[in-house]
Structure formats: C-alpha cells, structure tokens
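>>> with the sequence up front, the predicted model follows.
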Amino acid sequence: MEGEEIIARGKLENTSVVIEGEISVKLYNQGYYGELICNEKLVLNSVEALILLERNKIKVIDNNGKEYTFNELMRYLEKKDRNIWIKYIVYRDLRSRGYIVRSGPGDVAEYRLYERGAKLGQDVAKYLIGIVEEGRPFSLTELDKITKAARSLGKELILAIVDRQGDITYYKVSRLEL
C-alpha cells in the first residue's frame, strides 16, 4: 500500500540484530543506525535495535522464528549486559534531541556524539559520553581515565548522570591542571 511504512525484519545474533537487503541501506540513511556492510547488510548493536523496535521500524526475530517484543528483547539483553537499560535511556534521550550517537572507543566511554546535522564519513564526533548511574560507585581514577582519553582523542567529555527515576543530567567535564 502506498504511504505505508516499511518495517525491516532483523535477525537476532547474540546482542546484535542483522538486517539484510535494500531496506538496510534505507534504514541506515534515515538516521545512521548501525554499521552498514557492503551496502547490503546492517548490523545494529543492542541499543540501536531496542530504539528501532520501540519506534516500530524493525521486527526482531531469532533463529527459531520467535518474534521479540520490546520488553522481551530488553529482558534477553539484560542477561548479557546488566547496564543495558541505563545505556538505552541515555541513547534514546540523545537521539530524541537530534544527535547522531555511535558506540564509544573501547571501554573508555559509552558513546561518541556528533553535532546535530552532522554527516557520518564527513564530520567527526565532537564529544565522548560517559554514563554514571546514581548509587553506583564511580572513582576519581575512572573519571581521570576517561578525561585523559577524551583529551587525547580531541573530544570534549560529557558525563550523563542517571538518577534512580531515570532522569538524566549532562555535565561537561574538563581537566584542570594545577
């Protein structure tokens, strides 16, 4: 039917969702979700899959043909990563503000954040996003480590502090040399 939105079908592979065919390119071009391989296969990480499932852009199916709801996929992913909910709400918040969000470098920071309107492949990420959950220990050593990493990569560091109600406050962090 004309005007009806196409929903991509993705295959769950561990914590990733793989979408193949022409629709993978369309989905990638709509918001730079996932990693596009050879213009025919789109690999979504867990938070990308969750947001696209929540927004009814994809359906997620496992090897046995079981289709996952958002809550079922979240429960499945929580078994693999206990911090997935916190990562997801920060990712969703940044996306809802119009930013392009990509995975961060290694274990240093959770995300790389591009300015609004940026084009992947042409522009570079300006920020690194670190996530701190209220009530969980976060040492000065960890803060120093991600601050140094951001500085060495030429990025500004932003900490996303998530409180117990799921509200997020962002703080820009800079290094002070005495």
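That came through fine. Residues are numbered from 1 along each chain as shown.
>>> lowest-confidence helix or strand of this structure?
helix 140-152 (a mean of 83; mean pLDDT, DSSP states H and E).
>>> report the residue ranges of every domain in the protein.
Following automatic domain parsing, one gets these domains for the chain: 8-80, 93-173.
>>> that older thread, now the least confident helix or strand of the chain: buried residues?
Across helix 140-152, burial judged by 16 or more other CB atoms under 10 Å covers 143, 146-147, 149-150. In short, each C-beta sits where N, CA and C put it, glycine included.
>>> again with stretch 103-114
Neighbour-count burial for stretch 103-114 [16+ other CB under 10 Å]: 104, 108-114.
>>> how about that stretch as PDB, C-alpha atoms only?
Output of stretch 103-114 as PDB, limited to C-alpha atoms (Å, rounded to 0.1, in the frame of the first residue of the first chain):
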ATOM      1  CA  SER A 103      29.500   3.400  20.100                       C
ATOM      2  CA  GLY A 104      32.400   4.800  22.100                       C
ATOM      3  CA  PRO A 105      36.000   3.900  21.900                       C
ATOM      4  CA  GLY A 106      36.600   0.600  23.800                       C
ATOM      5  CA  ASP A 107      35.900   0.700  27.500                       C
ATOM      6  CA  VAL A 108      36.700   4.400  27.900                       C
ATOM      7  CA  ALA A 109      33.300   6.000  27.200                       C
ATOM      8  CA  GLU A 110      29.900   4.500  26.200                       C
ATOM      9  CA  TYR A 111      29.200   6.800  23.200                       C
ATOM     10  CA  ARG A 112      30.600   9.200  20.600                       C
ATOM     11  CA  LEU A 113      28.300  12.100  20.000                       C
ATOM     12  CA  TYR A 114      28.100  14.000  16.700                       C
END
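>>> show me what it is in contact with.
For stretch 103-114, contacts defined as CB atoms under 8 Å, 6 or more residues apart in numbering pick out 45, 87, 90-91, 94, 99-102, 120, 123-131, 145-146, 149-150, 153, 155, 157-158.
>>> out of those residues, which are buried?
Here, 16+ other CB under 10 Å leaves 45, 87, 90-91, 94, 99-102, 125, 127-131, 146, 149-150, 153, 155, 157-158 buried among these.
>>> can you list the buried residues in stretch 77-95?
77, 84-95.
>>> tell me the mean pLDDT over stretch 106-119?
Across stretch 106-119, pLDDT averages out at 83.
>>> and the end-to-end length of it?
One end of stretch 106-119 sits 22 Å from the other (CA to CA, to the nearest Å).
>>> centre of the chain to that stretch, how far?
Stretch 106-119 sits 9 Å away from the centroid of its parent chain (CA atoms, centre = their mean, to the nearest Å).
>>> follow-up on the earlier one: and which of the buried residues of stretch 77-95 is nearest residue 23?
Residue 23 lies nearest to residue 95 out of those, by CB to CB, at 19.8 Å.
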